[in-house]
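Enquirer: Sequence first, predicted model second:
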Amino acid sequence: MVDIVNPSPNRPISAEITAATIAQAAHAPGGGWVVPPDESVIEASPLDAFTPEISSSDLTVDIQSGEAFIGGVYLGRDTVSSVELAPSTNDQDVYVGADLSQPDTVIVGLGSEFASGDPRIRIARYNTDSTGIVNPTSDYRTIGQAVDVENRRYEGGLAESVAKATSASELDGQTLTDVLRNGRTVPIPLSRIQDTDDASIVEFVPASTTFKLLGVTLISESGGVPSGVSASIVDDSGTERFSTTNRSSTGTVDAPLIPISGQQAPLRLRIENDSGSTQRVGAVFGYYLE
């Protein structure tokens, strides 16, 4: 495997991996979670949950292999990554994430190695002296599928009752499986869109239901940020309720990118090309209905 990132530039989106990626990652504290060391998403054998290993005698952190769901992206790396820390420096954060401008590129490193908009989660924080890492250090990984509602956290693989939620009362009595089932991940496949034209999909939102946009990723043929292309949400009156030109945008179930309440027949999830030329672009939308 080495590195796998999905969705990734320059190859088709894998439906098997994408099925619930955005919905699962957007529910998690900090924007993502690490697959446990006794589980696997696509590997024949489980990986090592990006476990950090350190020594007090040098400034190197070895991050073991792992898989994760982060900000609407699945990523996996089956090799060890070494991160060199600065001497005599406190609060050095090590992250795992993805470079969405390159195909199948996982990043494990300090914050300076990530571009703005790259999905990432913090693995650990370290303090150093002149020769090595000073204990204790902090491990920030969320290991296992996680759902976070305000002031309450539900973690692990068991479909236990998500009850008495303080900020999303509609979740009362639902199992973790039910909560994730209400999350949707919908791609607009990479295709040629002429200037001033658009491509869209539709979603019917029933009355007494709230549409919560949890994530949007724009995809270009080159792998970079599509120039002059926007992703938007348009309600059934034709009003644009949300729009972004960022490569990747994420929210949470408690703080979505946009909530839209009440019946929408239909709601349009749209990408629009206003670049002045034909482009080959696509997008992935993640949202939650409650």
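Expert: Received, thanks. Bear in mind the structure is a predicted one, so any value in this text is a computation, not a measurement. Numbering: from 1, shown residues only.

Enquirer: Show me where the stretch 101-250 of the chain has its helices.
Expert: Secondary structure of the stretch 101-250 of the chain by DSSP state H, counting those that start in this stretch: the helices cover 176-181.

Enquirer: Tell me where it has strands.
Expert: Using DSSP state E, counting those that start in this stretch, the strands found in the stretch 101-250 of the chain span residues 106-110, 120-128, 133-139, 146-149, 152-155, 161-162, 174-175, 183-193, 198-205, 210-220, 229-234, 240-244, 248-250.

Enquirer: Please name the bridge partners of Phe285.
Expert: Taking DSSP bridges, one finds Val186, Val216 as the beta-bridge partners of Phe285.

Enquirer: so when I look at Tyr287, I'm seeing a strand, right?
Expert: Yes: the assignment for Tyr287 by DSSP: H, G, I helix; E, B strand; the rest coil puts it in a strand.

Enquirer: Run a quick check on it versus Phe211, I expect a contact.
Expert: Yes: between Tyr287 and Phe211 there is a contact under CB atoms under 8 Å: 6.1 Å. Heads up, the C-betas are built off the backbone N, CA and C, glycines and all.

Enquirer: returning to what we had before: worst average pLDDT in the strands of the stretch 101-250 of the chain?
Expert: Lowest mean pLDDT within these: strand 161-162, at a mean of 36.

Enquirer: what about Tyr287 and Phe211, which has more around it?
Expert: Between Tyr287 and Phe211, Tyr287 has the larger neighbour count (other CB atoms under 10 Å), namely 28 against 24.

Enquirer: quick one: that one from Arg270, how far?
Expert: Separation of Tyr287 from Arg270 (CB to CB, to the nearest Å): 13 Å.

Enquirer: quick one: contacts for the closest residue to Ser249 other than its chain neighbours?
Expert: Computed as CB to CB, 6 or more residues apart in numbering, the closest residue to Ser249 that is not its neighbour in sequence is Val216, at 4.9 Å. Going by CB atoms under 8 Å, 6 or more residues apart in numbering, Val216 touches 72, 231, 244, 246, 248-249, 257, 283-286.

Enquirer: Would you mind giving those residues as CSV with distance to Val5 and neighbour count added?
Expert: What follows is the contacts of Val216, written out as CSV (distance: CB to CB, whole Å; neighbours: other CB atoms under 10 Å):
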residue, distance to Val5, neighbour count
Gly72, 11, 28
Ala231, 19, 26
Thr244, 21, 15
Asn246, 18, 14
Ser248, 12, 22
Ser249, 17, 19
Leu257, 22, 21
Ala283, 16, 25
Val284, 12, 25
Phe285, 18, 24
Gly286, 16, 27
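
Enquirer: Let me have the residues you listed in a markdown table, adding distance to Ser40 as columns.
Expert: Formatted as a markdown table, the contacts of Val216 follow (distance: CB to CB, whole Å):
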| residue | distance to Ser40 |
| --- | --- |
| Gly72 | 20 |
| Ala231 | 32 |
| Thr244 | 33 |
| Asn246 | 31 |
| Ser248 | 25 |
| Ser249 | 29 |
| Leu257 | 31 |
| Ala283 | 28 |
| Val284 | 23 |
| Phe285 | 27 |
| Gly286 | 22 |
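
Enquirer: between these, which is nearest Phe204?
Expert: Distance to Phe204 across these (CB to CB) is lowest for Phe285, with 14.8 Å.

Enquirer: I'd say the closest one and Arg268 touch.
Expert: No: assessed by CB under 8 Å, Phe285 is found out of contact with Arg268, at 10.7 Å.

Enquirer: which neighbours do these two share?
Expert: Contacts common to Phe285 and Arg268, judged by CB under 8 Å, 6+ apart, are Ile201.

Enquirer: Tell me which residue is most central in the protein.
Expert: By CA atoms, centre = their mean, the mean C-alpha position of the chain lies nearest to Gly71, the distance being 1.4 Å.

Enquirer: could you list every residue that touches the nearest residue to that residue once chain neighbours are set aside?
Expert: Spatial nearest neighbour of Gly71, excluding adjacent residues (CB to CB, 6+ apart): Pro119 at 3.2 Å. Remark: with contacts taken as CB under 8 Å, 6+ apart, Pro119 is in contact with 31-32, 70-73, 97-98, 100, 248, 250.

Enquirer: Could I get those residues in CSV, plus columns for secondary structure and distance to Tyr126?
Expert: Converted to CSV, these look like this (DSSP: H, G, I helix; E, B strand; the rest coil; distance: CB to CB, whole Å):
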residue, secondary structure, distance to Tyr126
Gly31, helix, 21
Gly32, strand, 20
Ile70, strand, 21
Gly71, coil, 23
Gly72, coil, 28
Val73, strand, 25
Gly97, strand, 18
Ala98, strand, 22
Leu100, coil, 26
Ser248, strand, 27
Thr250, strand, 26
